[in-house]
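Student: sequence plus the predicted model coming up.
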Amino acid sequence: MTRCNSCGTSYEGGPQFCPSCGSPVASSGKETETPSVDSITRGAQSKPRRIGPFVFGGLVLFGLIFFVIYIIPSTHEVIKGQPVVAAPADYDSNGVDMTRVSFHEDGEDLVFSLNDVKNHRLIVFEYTGGKTPRRVMAYVAPDGRLVTAISLSEHCGSNEFLIKNNRIYCARCPSHWDMTTMEAYACCAQYYPDPITSRVVGDEVHVAKRVVEEWAGRL
């Protein structure tokens, strides 16, 4: 039995042309079979899907995200927005102690000298105008940014700190933190000197009194 490849008519014998549509007939003499849907499906299923590269790529991407977020801490959000006021410089193991400086009030701001921060590298003053007296500290970070913060670690109650090896050290307990990320290296992890916003006007640093007065702590 022969089947026409053009119209599908089946017939016996070996004519050169299909008696139904007139198309040339193959001379093989064998019936042309149309593959079934099942055979096509089986053929597709037999081909292995190459999902390995996609899984590997996903794992690599996840690993990179984890590394960036957890292994390489980013700059503290408040510090990130602070101005650069000096050239980058590293702090060594000799340590920099706090230096008390004067300040004055100018309207709604507390104002102190930027030169005091540059010269002493770590300064502090106490504001008693609110309901609770607060110490405000300021320092120049290793990348040259000005950082102002509430000088208090609530967990141990210390308001005295020092700087060495590019870290802030509590004067009362073993706690110390990175100067720009505030990543902790000992206890009191979340009770670092809390950064607050400030702005530079000429050779003065301005901190809003409201920010200091409304700071309520983290305990």
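Tutor: Yes, it's here.

Student: going forward, measure contacts between C-alpha atoms and count neighbours the same way
Tutor: OK.

Student: least trustworthy helix or strand in the chain by mean pLDDT?
Tutor: Every helix and strand in the chain was compared by mean pLDDT, DSSP states H and E; the lowest is helix 37-46, with a mean of 54.

Student: what about the closest residue to residue 184 other than its chain neighbours, helix or strand, and which?
Tutor: Leaving aside its chain neighbours, residue 184 sits nearest to residue 177 (4.5 Å; criterion: C-alpha to C-alpha, 6 or more residues apart in numbering). Using DSSP states H and E, residue 177 falls within strand 176-178.

Student: swap in residue 118?
Tutor: Assigned by DSSP H and E, residue 118 falls in helix 114-120.

Student: sketch out the low-pLDDT regions of this structure for me.
Tutor: Within the chain, the ranges that satisfy pLDDT under 70 run 1-2, 11, 13-15, 22, 25-50, 52-73.

Student: domain map for it?
Tutor: Using automatic domain parsing, the domains assigned to the chain come out as 1-47, 77-214.

Student: what residues are up against residue 23?
Tutor: Going by C-alpha atoms under 8 Å, 6 or more residues apart in numbering, residue 23 touches 4, 6, 17.

Student: the last one is in contact with residue 24, isn't it?
Tutor: Yes - the pair residue 17 and residue 24 qualifies as a contact (C-alpha atoms under 8 Å) at a distance of 4.5 Å.

Student: deepest in the core, which of the domains of the chain is it.
Tutor: Ranked by mean neighbour count, those are led by domain 77-214 with a mean of 18 (mean count of other C-alpha atoms under 10 Å).

Student: quick one: end-to-end distance for that one.
Tutor: 19 Å (C-alpha to C-alpha, to the nearest Å).

Student: what's the answer for stretch 211-219, then?
Tutor: 18 Å.

Student: returning to what we had before: between the contacts of residue 23, which is nearest residue 124?
Tutor: Set against residue 124, the nearest of those by C-alpha to C-alpha is residue 6 (95.3 Å).

Student: excluding chain neighbours, what is closest to that closest one?
Tutor: residue 23 (6.7 Å).

Student: show me the contacts for residue 94.
Tutor: By C-alpha under 8 Å, 6+ apart, residue 94 lies in contact with residue 164.

Student: picking that back up, and the residue nearest to residue 184, what is it in contact with?
Tutor: So residue 177 contacts 167-169, 183-185, 189, 192 (C-alpha under 8 Å, 6+ apart).

Student: between these, which is closest to residue 134?
Tutor: residue 192 (14.9 Å).

Student: just read off the phi/psi values of that closest one.
Tutor: With angles defined as degrees, to the nearest 10, residue 192 sits at phi -70, psi 160.

Student: my guess is it contacts residue 182. True?
Tutor: Yes - the criterion here is C-alpha under 8 Å, and residue 192 meets it with residue 182 at 6.8 Å.

Student: for stretch 197-204, how far is the first residue from the last?
Tutor: Across stretch 197-204, first to last residue, C-alpha to C-alpha, it's 14 Å.

Student: thinking again about what came up before, save the contacts of residue 23 as JSON lines, and put in distance to residue 105 and secondary structure too.
Tutor: Below are the contacts of residue 23 laid out as JSON lines (distance: C-alpha to C-alpha, whole Å; DSSP: H, G, I helix; E, B strand; the rest coil):
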{"residue": "4", "distance to residue 105": "102", "secondary structure": "coil"}
{"residue": "6", "distance to residue 105": "98", "secondary structure": "coil"}
{"residue": "17", "distance to residue 105": "108", "secondary structure": "strand"}
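
Student: cool, thanks, talk later.
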